[in-house]
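In: Predicted model, plus sequence, below.
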Amino acid sequence: MNLAGLSQAGRAPALPLSIELADAAGPAELTLQRLLRVLPGQRYVAQAEWRGQPVLAKLLVGNKAARHFQRERDGVHLLAEQGLNTPQLLADGLREDEGGWLLFEYLDGAQSLWEAWRAVENQPLLNADQQAVLADALVSIAQMHAKGLWQADLHLDNLLRHNGQLFVIDGGGVQVEVAGQPLSRGRVLENLGVFFAQLPAELTPFIEELLVHYLLSNGEHALPLEALLKEVEKIRKWRLRDYLRKIARDCSLFAAKIGAFGLQVVRRDSQAELQPLLNNLDLLTEQGHIYKTGGAATVAQVQLQGRPLVVKRYNVKSVAHWLKRFWRPSRAWHSWVEANRLQLLGIATPQPLAVLERRWCWLRGRAYLITEYCGGQDIIARFQAFHDGSPPETDLLALDSLFAALLRERISHGDFKGHNLFWDERLGRWSLIDLDAMQQHRSARSFAKAYARDRARFLRNWPADSALHQLLNQRIPLTPAVGSAD
């Protein structure tokens, strides 16, 4: 196959796949062995073999291939010319009307800093292991900035640990102000804002402390904390808007089919596994372990190849009920959006896997939400033995963190009964379920009213004269004050 053929190969071409290329030494075949990232018809990144050695191959196809190829090669050369660690470019080329290729040395056993962070993200906040990952990232960013470079698409996946060294990858995102001269302060603040905005919001109070790692490698500018925090907040809001757009369209994260006769959005990494369930959704739901049936919703646990999942089916009770619902987004869709919102904001909820709506000429009928199963105890059961005492401090601290996050993000649950709050043993956190009425508020005033209702509903889970109720009433933050300007 040549590059022109690869552009028509779709998202999952059969492997191994041989591509005909050529360099100064003559023609040779590149054998793709494992796909690492695919943008169908545009970019294929793969572990491959070239002239008997392992390589990392970036293959660029489609009508924008020449531009992307030039940008990638220019970025790689900038990194190398400024003495920054980046995998060696072994071969590259561009063929008109076909596409371009860049072949890099393959760093066997390399670990991205994103993988390193995922391994420690649930440890105590900013402990030594987390510090080590973030320090490595900030030192590498500082070294780029000191040379006048920055990564426009800055994230932890673009920094690799290998044999005790840190490598910068993805030359396509590398940009330059003045090569060899320190980056301007405005650009530094903007780029650091992109970096810190991707970290959990709980780390915001520690940004000043973390900046020390950056300043030890690049102390060219004084970096005002207030200006940096404004950049972080701006980027966080943009990231959330951008992500919530992605959950409604076909992209690398989600497989979407949306039309007049149905809607289906599935997490792409779960699509193949979920297909048997999607093909027989009603039957398998009704054969599962039913938690709730009849009325507006049916909730069931379904076993799929030994993996427990939860299906929530939103029923149409009557013609009158349908007339109230068909014209607006389904509750399944609302829950899908809110679950993805919580996950991006770092608030625990079972992983949303798929959402479906039955439609006829755009008029909505039954709808379905599929999520991972949250197998822990709800807070009613977990706190059952502590009505006259105090639950474990770990549980209370996790509850403190949850309410702090809801306050920070202005999120109200809408039905904060104890059966909608589960303990996630793996994360050591409380996980929210039943998000039908969840809302992120723009107005401080509307949030304050909704939070007061949530707080009151949560406390009603226990008798007002119990020691547990009184402890939680003292511990859970009161409704935030709202000024006249809000």
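Out: That came through fine. Here the structure is a predicted model, which means the values were calculated and not measured.
In: Count the neighbours of residue 432 for me.
Out: Applying other CB atoms under 10 Å, we find 22 residues neighbouring residue 432. Every residue, glycine included, has its C-beta placed from N, CA and C.
In: Kindly apply the preceding question to residue 108 instead.
Out: Using other CB under 10 Å, the number of residues around residue 108 comes to 9.
In: Also residue 27?
Out: When neighbours are defined as other CB under 10 Å, residue 27 has 8 of them.
In: next one: residue 428
Out: By other CB under 10 Å, neighbour count at residue 428 equals 15.
In: can you map out the helices along the stretch 301-450 of the chain?
Out: For the stretch 301-450 of the chain, the helices defined by DSSP state H, counting those that start in this stretch occupy 319-325, 331-345, 379-382, 393-409, 444-459.
In: For the fourth one, list every residue counted as buried.
Out: Residues of helix 393-409 classed as buried under the neighbour-count rule (16 or more other CB atoms under 10 Å) are 395, 396, 398, 399, 401, 402, 403, 405, 406, 409.
In: Would you mind measuring from the residue nearest to the second one when sequence neighbours are not counted to residue 275?
Out: When you say that, I think you mean residue 396. Computed as CB to CB, 6 or more residues apart in numbering, the closest residue to residue 396 that is not its neighbour in sequence is residue 475, at 6.6 Å. Residue 475 sits 46 Å away from residue 275, going by CB to CB, to the nearest Å.
In: likewise residue 67?
Out: Remark: distance between residue 67 and residue 275 (CB to CB) = 36 Å.
In: got it, and residue 293?
Out: From residue 293 to residue 275 the distance is 25 Å (CB to CB).
In: domains of this protein?
Out: Taking automatic domain parsing as the reference, the chain has its domains at 3-105, 111-237, 254-372, 379-475.
In: per-residue confidence averaged over the first one?
Out: Read that as domain 3-105. Average pLDDT, domain 3-105: 91.
In: How about the secondary structure of residue 34?
Out: What DSSP: H, G, I helix; E, B strand; the rest coil gives for residue 34 is strand.
In: Contacts only, for it.
Out: Contacts here follow CB atoms under 8 Å, 6 or more residues apart in numbering; on that basis residue 34 touches 15, 46, 47.
In: Buried ones only from those residues, please, as a ChimeraX command.
Out: A single ChimeraX command suffices to select whichever of those are buried according to 16+ other CB under 10 Å:
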select :46,47
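In: The stretch 1-150 of the chain: helices as residue ranges?
Out: Per DSSP H, counting those that start in this stretch, the stretch 1-150 of the chain carries helices over the ranges 3-6, 65-81, 113-120, 128-146.
In: contacting residues around the residue nearest to residue 95 when sequence neighbours are not counted?
Out: In this structure, residue 95 finds its nearest non-sequential neighbour in residue 3, 6.5 Å apart by CB to CB, 6+ apart. Each residue near residue 3 by CB under 8 Å, 6+ apart is listed here: 19, 21, 59, 61, 65, 95, 98, 99, 100, 101.
In: Pipe these into JSON lines and attach distance to residue 461 and neighbour count per row.
Out: What follows is those, written out as JSON lines (distance: CB to CB, whole Å; neighbours: other CB atoms under 10 Å):
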{"residue": "19", "distance to residue 461": "61", "neighbour count": "22"}
{"residue": "21", "distance to residue 461": "65", "neighbour count": "21"}
{"residue": "59", "distance to residue 461": "56", "neighbour count": "24"}
{"residue": "61", "distance to residue 461": "57", "neighbour count": "26"}
{"residue": "65", "distance to residue 461": "59", "neighbour count": "23"}
{"residue": "95", "distance to residue 461": "66", "neighbour count": "17"}
{"residue": "98", "distance to residue 461": "64", "neighbour count": "19"}
{"residue": "99", "distance to residue 461": "60", "neighbour count": "27"}
{"residue": "100", "distance to residue 461": "61", "neighbour count": "22"}
{"residue": "101", "distance to residue 461": "60", "neighbour count": "27"}
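In: Now intersect those with the strands, please.
Out: 19, 21, 59, 61, 95, 99, 100, 101 (DSSP state E).
In: For the third one, which residues count as its bridge partners?
Out: So the one you mean is residue 59. residue 44, residue 101 (DSSP bridges).
In: if I look at the closest residue to residue 450 other than its chain neighbours, how far off is residue 199?
Out: Of all residues not flanking residue 450 in the chain, residue 412 sits nearest, at 3.5 Å (CB to CB, 6+ apart). With distances taken as CB to CB, residue 412 is found 25 Å from residue 199.
In: Buried ones in stretch 230-248, by neighbour count?
Out: Along stretch 230-248, these residues count as buried under the neighbour rule (16+ other CB under 10 Å): 231, 232, 235, 236, 240, 247, 248.
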